[in-house]
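Trainee: starting from these lines, generate the structure:
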Amino acid sequence: FEVVFNNLYSVRWTYDPIDNSYLRSMLGIPFNDRVTREQIRAKNVIICFSDFSNSRSAIGEQKVNIRTIGTGSAIFYLDGKKTAGTWRRDVGKPIKFYNSDGEDLKVNAGTTWIQVVPQGTQVK
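Mentor: The predicted structure follows:
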């Protein structure tokens, strides 16, 4: 699947059924770990949709504000399958994920990559 941020930037995750994991590429180039030089691999990939806005820091630098409190829709990629659900985070609490039945999401042991994207970001 591909997360399309704009015409110039996208991220692709390719499912590897042998290892039951997803390999990350950016702009068609494998995205490698800086230390191990191995391509980034995750057992679970979660795409969370939230509100983004732009503002300036106290010293005038441009910054992006991402809403991380509340709830929103999510897409889960596990075991080569795509499912829809939601995320929720209350003040001072960790984020939680729920399947379409409202039950806690069960993920595979191993690396989970959580990507927060602006509402309306195309995932294909």
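Trainee: tell me the pLDDT at Ile18?
Mentor: At Ile18, the predicted lDDT confidence score is 97.
Trainee: give me the number of residues near it?
Mentor: Per other Cβ atoms under 10 Å, the neighbour tally for Ile18 reads 5. No exception for glycine: its C-beta is placed from N, CA and C like everyone else's.
Trainee: and the one 4 residues further on, by the same measure?
Mentor: A count of neighbours around Tyr22, defined by other Cβ under 10 Å, yields 22.
Trainee: and it, what helix or strand is that in?
Mentor: For Tyr22, the element it lies in under DSSP states H and E is strand 21-26.
Trainee: show me what that strand is packed up against.
Mentor: strand 9-16, strand 41-42 (3 or more Cβ pairs under 8 Å, 6 or more residues apart in numbering; DSSP states H and E).
Trainee: could I get these as a markdown table with distance to Ser73?
Mentor: Below are the helices and strands packed on strand 21-26 laid out as a markdown table (distance: least, Cβ to Cβ, whole Å):
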| stretch | distance to Ser73 |
| --- | --- |
| strand 9-16 | 18 |
| strand 41-42 | 20 |
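Trainee: which of these sits most buried?
Mentor: Of all the helices and strands packed on strand 21-26, strand 41-42 has the most neighbours on average by mean count of other Cβ atoms under 10 Å, namely a mean of 18.
Trainee: partners of that strand in the sheet?
Mentor: strand 21-26 (antiparallel) (DSSP bridges).
Trainee: now the angle from the strand it pairs with to strand 9-16?
Mentor: Interaxial angle of strand 21-26 relative to strand 9-16 (axes from the mean of the first three to the mean of the last three Cα atoms, to 10 degrees): 160 degrees.
Trainee: and stretch 66-85, how far from the chain's centre?
Mentor: In terms of Cα atoms, centre = their mean, to the nearest Å, the centre of stretch 66-85 is found 8 Å from the chain centre.
Trainee: sorry, back to before: wait, which of the helices and strands packed on strand 21-26 is closest to Asp33?
Mentor: Across these, Asp33 has its closest neighbour in strand 41-42 (9.0 Å, Cβ to Cβ).
Trainee: next secondary structure after the closest one?
Mentor: Taking DSSP H and E, what comes next after strand 41-42 is strand 44-50.
Trainee: sounds good, over and out.
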